[in-house]
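# mind looking at a prediction? Sequence and model below.
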Amino acid sequence: MSTQPAGFIGELIAVAYDTPQVREKSPTCPNRFFWRGKCFEILEVLEEWSDFSRHGKMSRNMRPAHLTRAARDGSWGVGRFYFRVRVQTEQIFEIYYDRAPEDVENRKGNWFLFGERKFNKVFEN
């Protein structure tokens, strides 16, 4: 199943789980998310991946050997967990959890709705 971007959204969302998460900073895909006053039930996880790479100043504050390990395993406050999901409206969305703390008061990170995707059309001759 091939998809392509249908639109960038980039907005903060709230998520909910049917069972509590064991590790908040390394989450699994939620069961639903809330965006613009609507609840979207996640029916299927189509793809998931993580990115622990450091950018900008964050990439220059570690020795190369530590940077390689951090890119593979993650380090505190760095990294994102991405999920491409199908919801009850048959829409495809990409959501992600950003481990970066917002500030001293919010050290847990945030969930975002990255964008919507659509299926590629297959053309027949």
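Done, it's in.
# what about Cys29, is that helix, strand or coil?
Taken by DSSP: H, G, I helix; E, B strand; the rest coil, the conformation at Cys29 corresponds to coil.
# okay, which residue is most central for this protein?
Tyr96 (1.3 Å; C-alpha atoms, centre = their mean).
# so what pairs up with that residue in the strands?
Each beta-bridge partner of Tyr96 is listed here: Tyr82, Phe112, as defined by DSSP bridges.
# could you pull out the strands for the chain?
Counting by DSSP state E, the chain has strands at residues 3-16, 32-35, 38-51, 80-87, 92-98, 110-119.
# got a markdown table for those strands, with distance to Ser26 too?
In this view, the C-beta of every residue, glycine as well, is placed from N, C-alpha and C. Compiled in a markdown table, the strands of the chain are given as follows (distance: least, C-beta to C-beta, whole Å):
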| stretch | distance to Ser26 |
| --- | --- |
| strand 3-16 | 14 |
| strand 32-35 | 18 |
| strand 38-51 | 8 |
| strand 80-87 | 7 |
| strand 92-98 | 9 |
| strand 110-119 | 14 |
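# can I get the ones you listed in JSON lines including mean pLDDT?
Formatted as JSON lines, the strands of the chain follow (pLDDT from 0 to 100):
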{"stretch": "strand 3-16", "mean pLDDT": "93"}
{"stretch": "strand 32-35", "mean pLDDT": "98"}
{"stretch": "strand 38-51", "mean pLDDT": "96"}
{"stretch": "strand 80-87", "mean pLDDT": "96"}
{"stretch": "strand 92-98", "mean pLDDT": "96"}
{"stretch": "strand 110-119", "mean pLDDT": "94"}
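# just to revisit the earlier point, does the residue nearest to the centre of the chain touch Phe112 like I think?
Yes: here Tyr96 lies in contact with Phe112, judged by C-beta atoms under 8 Å, at a distance of 5.6 Å.
# distance check, the closest residue to Gly79 other than its chain neighbours against Arg99.
Taking C-beta to C-beta, 6 or more residues apart in numbering as the measure, Gly79 lies nearest to Phe52, with 4.1 Å between them; neighbours along the chain are not counted. Computed as C-beta to C-beta, to the nearest Å, the Phe52 to Arg99 distance reads 9 Å.
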